[in-house]
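> take a look and give me a structure for this.
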Amino acid sequence: MANLSANRRMLGKLAVITVGMFAFGYALVPLYKTICEMTGINILALGEQVLSGKKATPANSQVDTSRTITVEFDANSRGPWEFKPAQRSLTVHPGEMTTVVYEFQNVQNRRMSAQAIPSYAPMQASAHFNKLECFCFNQYTLEPGEKKSWPVVFVIDPKLSKDVSTITLSYTFFEVGGKTPAAPVAVVKPVISESAGS
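Coordinates of the predicted model:
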C-alpha cells in the first residue's frame with residue numbers, strides 16, 4: 001500500500017514537471033522577442049518594428065555598393081547536346097544575391113544522364129564565389145529531345161580582392177558513365193639555349 005501511494009506521488013510530480021516544461025516552451029518565444037527588442041541584439045527583429053506607421057526593412061549590410069564585378073558565363077559540353085547560359089555576362093555588387101539560368105537540351109535519340117563541373121577564372125575567385133543553388137550539385141537524366149532550364153544562385157564574397165573586377169564562371173557538362181573530362185593541360189615549349197646552337 002505504501003508503495004502505491006509513493007508511485008502516485010511520483011506520478012503527480014512528473015505531471016507537474018511535464019506541464020511546467022510545456023509552459024516554459026511556449027513562454028520562450030515572447031520572452032526571447034522581448035529580450036531582443038530591449039537589447040537590440042536581433043537585427044532581424046528590426047523588420048517587425050513600426051516606424052512612422054511603416055515597417056522598417058533592414059538593409060543588407062553585406063552588399064558592397066562601392067564596387068562592381070563583371071561575371072561572365074561560359075558553357076562547354078562533352079557530348080552531342082546543347083548547353084549554354086541564357087545570358088553571357090552581368091554586373092553585380094559583392095554580397096548581392098544573383099540568379100542566372102543555364103539552358104540544356106538532349107539532342108540525342110536516347111536517354112542520358114549528365115552532370116556539370118564548375119571552374120572559375122581567376123582561380124582566387126573560387127574561394128569567394130558562393131553558390132546557394134546550382135544544377136552542378138546533382139546529376140540529371142533527360143529523355144531524347146528534352147529541354148531544361150536550371151538556375152544558379154550565387155553571392156560573391158565582399159572579401160574578394162579589390163584587384164578582381166571580372167570573374168568567369170565556366171561549366172563543363174559531361175555524360176555520367178561516359179568519360180570524365182580531362183583537366184586542361186598546359187603546353188610547355190622546350191627552351192633552346194643559345195649555347196646549344198653553337
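
> what about stretch 142-162, start to end distance?
41 Å (CA to CA, to the nearest Å).

> which parts of that stretch count as buried, going by neighbours?
For stretch 142-162, burial by neighbour count (16 or more other CB atoms under 10 Å) applies to 142, 150, 152, 154-156, 158, 160. C-betas here are computed from N, CA, C, even on glycine.

> from those, pick the one nearest residue 133.
Nearest to residue 133 among the buried residues of stretch 142-162: residue 152, at 6.9 Å, using CB to CB.

> check the buried residues of stretch 142-162 and tell me the two furthest apart.
142 and 158, at 37.1 Å, using CB to CB across those.

> not counting its neighbours along the chain, what's nearest residue 114?
residue 175 (5.1 Å; CB to CB, 6 or more residues apart in numbering).

> my read: the one you found touches residue 79, true?
Yes. If you go by CB atoms under 8 Å, residue 175 and residue 79 touch, sitting 5.0 Å apart.

> look at those two and report which has more neighbours.
More crowded of residue 175 and residue 79, by other CB atoms under 10 Å: residue 175, with 20 against 16.

> how about the more buried one, what does it touch?
Going by CB atoms under 8 Å, 6 or more residues apart in numbering, residue 175 touches 78-79, 112-114.

> now do the buried residues in the helix or strand containing residue 119.
Element membership for residue 119 (DSSP states H and E) is strand 112-121. By neighbour count with 16+ other CB under 10 Å, strand 112-121 contains the buried residues 112, 114-116.

> for the next helix or strand after that strand, name the packing helices and strands.
Helices and strands here follow DSSP H and E; after strand 112-121, the next one along the chain is strand 129-133. Counting by 3 or more CB pairs under 8 Å, 6 or more residues apart in numbering; DSSP states H and E, the packing neighbours recorded for strand 129-133 are strand 147-156.

> so which residues of the chain form helices?
2-39, 194-197 (DSSP state H).

> can you flag the weakest of the ones you listed by average pLDDT?
Across the helices of the chain, helix 194-197 has the smallest mean pLDDT, namely a mean of 48.

> surely residue 173 touches residue 80?
No. Using CB under 8 Å, residue 173 is not in contact with residue 80; the gap is 11.4 Å.

> more crowded one of these two?
Comparing residue 173 with residue 80 by other CB under 10 Å, the one with more neighbours is residue 173, at 23 against 10.
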